[in-house]
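Enquirer: Turn this into a structure:
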Amino acid sequence: MDLPEKGLRFECLKISGEFFRNALSEVPQDNTAHLRRLMANARDKVSMHKLYCRAREERRNGGFGGNRPTNENVSAPQL
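Expert: You can find the predicted model right below:
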């Protein structure tokens, strides 16, 4: 005996399966990762120049917490 609920459930599962198959079928290529990042930054209104300037300023000031390495606290690698 074929119940109407069984047919409806089958259709819902079929639609869900097609959705996931389509969503997962296109794996982004490595050569487009930078383009996706640029588009995401543009969408979020992120200025790469401002990020660069901030990172450069943090490096000049010793980074996070001001722990700039000096000759006194940097040891030579052991050979």
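
Enquirer: from here on, contacts and neighbour counts on C-alpha atoms
Expert: Noted.

Enquirer: elements contacting the longest helix along the chain?
Expert: Secondary structure assigned by DSSP state H gives helix 4-25 as the longest helix of the chain. The contact analysis (3 or more C-alpha pairs under 8 Å, 6 or more residues apart in numbering; DSSP states H and E) places helix 4-25 against no helix or strand.

Enquirer: That helix - what's its average pLDDT?
Expert: Mean pLDDT, helix 4-25: 84.

Enquirer: what does stretch 32-48 give?
Expert: For stretch 32-48, the mean per-residue pLDDT is 85.

Enquirer: buried sites along it?
Expert: Neighbour counts over stretch 32-48 (16 or more other C-alpha atoms under 10 Å) mark no residue as buried.

Enquirer: May I have that stretch as CSV, with CA atoms only?
Expert: The C-alpha coordinates for stretch 32-48 follow below in CSV (Å, rounded to 0.1, in the frame of the first residue of the first chain):
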residue,chain,number,x,y,z
THR,A,32,40.3,31.5,-7.9
ALA,A,33,40.8,31.7,-4.2
HIS,A,34,42.4,35.2,-4.4
LEU,A,35,39.5,36.4,-6.5
ARG,A,36,36.9,35.1,-4.0
ARG,A,37,38.9,36.8,-1.2
LEU,A,38,38.9,40.1,-3.2
MET,A,39,35.1,39.8,-3.8
ALA,A,40,34.5,39.1,-0.1
ASN,A,41,36.6,42.0,1.0
ALA,A,42,34.8,44.3,-1.5
ARG,A,43,31.5,43.1,-0.2
ASP,A,44,32.5,43.7,3.4
LYS,A,45,34.1,47.1,2.4
VAL,A,46,37.6,46.0,3.7
SER,A,47,40.4,48.2,2.6
MET,A,48,43.5,46.1,1.9
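
Enquirer: Which pLDDT value does the model give residue 69?
Expert: For residue 69, the predicted pLDDT is 53.

Enquirer: Equivalent analysis for the one 3 residues further on, please.
Expert: According to the per-residue confidence, residue 72 scores 50 in pLDDT.

Enquirer: about what we covered before: next structured bit after the longest helix of the chain?
Expert: helix 33-43 (DSSP states H and E).
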